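Undergrad: Have a look at this prediction, sequence included:
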Amino acid sequence: MEETISLKEIFEVIKKRFLLILLLVVGAAAISAIISIFILTPTYESSAQFIVSQETNEENSNIELNDIRSNVEIINTYNDVIESNRILNQVIDELNLTISPGVLADKVSLSSSENSQVVTLTVTDYDPQVATDIANSTVNIFQEELPGLMNVNNVNVLTEAEVGENPSPVSPNTMLNIAIAIVLGGMIGVGLAFLLEYLDNTIKTEQDVENKLGLPILGAVSHMEEKDVLMGQMANQNRQQKGGAAHAQRKKTAQ
């Protein structure tokens, strides 16, 4: 027989385990905040832009669409050149960095919009000033080395990287991490609540008895706590004392 569960039963389970769910949500948020603020090292980004232009010696000449497409296609080649050891080793030597070209390549990323001749070089580092120096040095060295590598000179710096007055880290995003932790904590809490409810096979209601035994309920004994028993005994003793006193009074009156 297929079992079904109603919305009322779902809310009852959540209500019953609400404290557990709340503790998991608060705990996950607190752990995420501690890790994001005190453990993870903030990283910063700095970007420089250069443009791949079309060389021409003719005055008042127009750049044809095919020329622009050719420049956009060659941007991919330029990206590979920038990330090559020949360029990165010179950047390391110029800035006296203590990292390998492979590590530096992981810090550098390039991107360009579709059908755009502008390339953005972004550098990520724990120090915003170092990120800015790497970005500017990489673009400048690439611009100097390109004529010797490809016999072209069609790269111009569009925007140099700069350090703002109050640079903000790009990671970790504390608020986003906390929000994700709250969602995950809630999901885990709800899942754990239903798991505990599923594993709980104790009998709690008359309906559970009927379902387990397949027999009708003839009667039920109310649950009594120890304080209720003590109060009942005290009430019984009071009635006995009052009854004894009344009997003694009647006997005295009869005499």
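TA: Great, that's in hand. Residues are numbered from 1 along each chain as shown.

Undergrad: Walking through the protein, point out its strands one by one.
TA: Per DSSP state E, the chain carries strands over the ranges 44-52, 108-112, 118-125, 155-159.

Undergrad: In contact with residue 13, which residues?
TA: For residue 13, the contact set (C-beta atoms under 8 Å, 6 or more residues apart in numbering) comprises 193, 194, 197. In this view, the C-beta of every residue, glycine as well, is placed from N, C-alpha and C.

Undergrad: For those, pick the one with the most neighbours.
TA: residue 193 (20 neighbours; other C-beta atoms under 10 Å).

Undergrad: so that one sits right up against residue 21, yeah?
TA: Yes - Residue 193 is in contact with residue 21 according to C-beta atoms under 8 Å; the separation is 6.0 Å.

Undergrad: related to what we said a few turns ago, next, format the strands of the chain as a markdown table and append distance to residue 100 and mean neighbour count.
TA: As requested, those are exported to a markdown table (distance: least, C-beta to C-beta, whole Å; neighbours: other C-beta atoms under 10 Å):
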| stretch | distance to residue 100 | mean neighbour count |
| --- | --- | --- |
| strand 44-52 | 20 | 21 |
| strand 108-112 | 13 | 17 |
| strand 118-125 | 15 | 20 |
| strand 155-159 | 26 | 14 |
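
Undergrad: Of the ones you listed, which is nearest residue 74?
TA: strand 44-52 (6.7 Å; C-beta to C-beta).

Undergrad: Could you list the low-confidence segments of the stretch 1-150 of the chain?
TA: 1-5, 54-73 (pLDDT under 70).

Undergrad: next one: the stretch 151-255 of the chain
TA: Checking the stretch 151-255 of the chain against pLDDT under 70 turns up 204, 209, 218-229, 232-233, 236-255.

Undergrad: Do you have the helices of it handy? List them.
TA: Taking DSSP state H, counting those that start in this stretch as the criterion, the stretch 151-255 of the chain contains helices spanning 174-199, 206-213, 226-254.

Undergrad: and the shortest one, what other elements does it pack with?
TA: Taking 3 or more C-beta pairs under 8 Å, 6 or more residues apart in numbering; DSSP states H and E as contact, there are no helices or strands that helix 206-213 lies on.

Undergrad: how far is that helix from where the chain is centred?
TA: Averaging C-alpha positions (C-alpha atoms, centre = their mean, to the nearest Å) puts helix 206-213 45 Å from its chain's average.

Undergrad: Could I have the CA atoms of it written out in CSV?
TA: C-alpha atoms of helix 206-213 as CSV (Å, rounded to 0.1, in the frame of the first residue of the first chain):
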residue,chain,number,x,y,z
GLU,A,206,-4.3,5.5,19.3
GLN,A,207,-4.1,5.6,15.6
ASP,A,208,-0.6,4.2,15.7
VAL,A,209,-2.0,1.2,17.8
GLU,A,210,-4.7,0.5,15.3
ASN,A,211,-2.2,0.7,12.4
LYS,A,212,0.3,-1.6,14.1
LEU,A,213,-2.1,-4.2,15.6
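
Undergrad: Please point out which parts of that helix sit buried.
TA: Within helix 206-213, no residue qualifies as buried by neighbour count (16 or more other C-beta atoms under 10 Å).
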